[in-house]
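Enquirer: Got a sequence here, can you model it:
(one chain, ligands or ions: 2)
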Amino acid sequence: MTGVLAGRSALVTGASRGIGRGIALGLAAAGADVAVNWYRPPSPEFGRDNGADVASVVAEIEAMGRRAVAVEADVSNGAAVRAMVDEVVLSLGGLDVLVNSAGICPFHDFLTMPEELWDRVHAVNLRGAFLCSQAAARVMVDQGRGGRIISVSSISALVGGGQQAHYTPTKAGVHSLMQSIAIPLGPHGITCNSVLPGAIGTDINRDDWSDPQKLAYLNGRIPIGRLGEPDDVAGPVVFLASPAARYVTGAALLVDGGLYVNLQ
Ligand SMILES: NC(=O)C1=CN([C@@H]2O[C@H](COP(=O)(O)OP(=O)(O)OC[C@H]3O[C@@H](n4cnc5c(N)ncnc54)[C@H](OP(=O)(O)O)[C@@H]3O)[C@@H](O)[C@H]2O)C=CC1
Ligand SMILES: C[C@H](O)[C@@H]1OC(=O)[C@H](O)[C@@H]1O
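Expert: Residues are numbered from 1 along each chain as shown. Ligands and ions are numbered 1, 2, ... in the order given. Coordinates of the predicted model:
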């Protein structure tokens, strides 16, 4: 879908690596200028500093002839999110597409799960999607030319995970958020949808999938015959961002190679 997003400005959260990075590159390949969100943790115990990763994403987008800007913000922090959106509008001249991709999933047993971990996963995954969607929607409404809000939910919105009692409710919540905000934003020409990726190889599941048995099990359940890659998610997101999807709102699109339907 080369060029379908020419003249559009997009913000992708959590775009320093993984699925968000793939989406940022996909939107740029379709013609959009892209703001690349990343998060610098306050100290190493909260994660690594991925400043170098985000610089390489910006460079790749610029090499396609598109404008790109790196915007640092913790998506769970309302003031930081609103400042980020202001910065995007200043840098790119507006905002037409928001993709909520930032997310965390520190696997943990349910019985010993600390409240703080539950709160942090909800803050980044669900509160972050709310804050970014609200800030972006305010700009889109003021601009008066419609817009697109697309959230990366998950197959985990539909099924459980034994080590993911904190995570799966956030992914169900993210899709539910898109359904609810599709209603007030529809009259402004802003569509709100979610994509539900299945098993996509990124840093988020690197440790979990280091177990060869688990990897073989997952591979065996996917009718398409392989795990997903970030670029597999980018195509459906570009579609939802494109004029072709103008009448699609409040929808959820599984992007899982058939994993969900393959019970036996
Ligand atoms: N991989 C999979 O199988 C699936 C993933 N998903 C979802 O896809 C999304 C992306 O995950 P994936 O690419 O796999 O994971 P990665 O761990 O590779 O990437 C996570 C991204 O989120 C960013 N991030 C984390 N915390 C924050 C924060 N507080 N503020 C801003 N950005 C933050 C990271 O930024 P930084 O580099 O700066 O730390 C990074 O760019 C998540 O929402 C996840 O739930 C859904 C279904 C399947
Ligand atoms: C992090 C997991 O491996 C991954 O995230 C999801 O949302 C998928 O359902 C997988 O569980």
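Enquirer: For the stretch 151-264 of the chain, just list every one of the helices.
Expert: Ranges of helices within the stretch 151-264 of the chain are 168-185, 212-221, 230-241, based on DSSP state H, counting those that start in this stretch.
Enquirer: list the buried ones in the first one?
Expert: Looking back up the chat, that one is helix 168-185. 168-171, 173-175, 177-178, 181-182, 185 (16 or more other Cβ atoms under 10 Å). Every residue, glycine included, has its C-beta placed from N, CA and C.
Enquirer: could those residues be laid out in CSV, adding distance to ligand 1?
Expert: Shown next, in CSV, are the buried residues of helix 168-185 (distance: Cβ to the nearest ligand atom, whole Å):
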residue, distance to ligand 1
168, 10
169, 12
170, 8
171, 6
173, 12
174, 8
175, 11
177, 13
178, 13
181, 17
182, 19
185, 21
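Enquirer: Which one of those is nearest to ligand 2?
Expert: residue 171 (5.9 Å; Cβ to the nearest ligand atom).
Enquirer: how close does that closest one get to residue 52?
Expert: For residue 171, the distance to residue 52 equals 29 Å [Cβ to Cβ, to the nearest Å].
Enquirer: And the residue of the stretch 101-250 of the chain found nearest ligand 1, how close does it get to residue 137?
Expert: Of all residues in the stretch 101-250 of the chain, residue 103 sits closest to ligand 1, at 2.2 Å by Cβ to the nearest ligand atom. Using Cβ to Cβ, residue 103 is found at 20 Å from residue 137.
Enquirer: quick one on the thing from earlier: I figured the residue of the stretch 101-250 of the chain closest to ligand 1 hits residue 122, correct?
Expert: No: at 11.1 Å, residue 103 does not count as touching residue 122 under the criterion of Cβ atoms under 8 Å.
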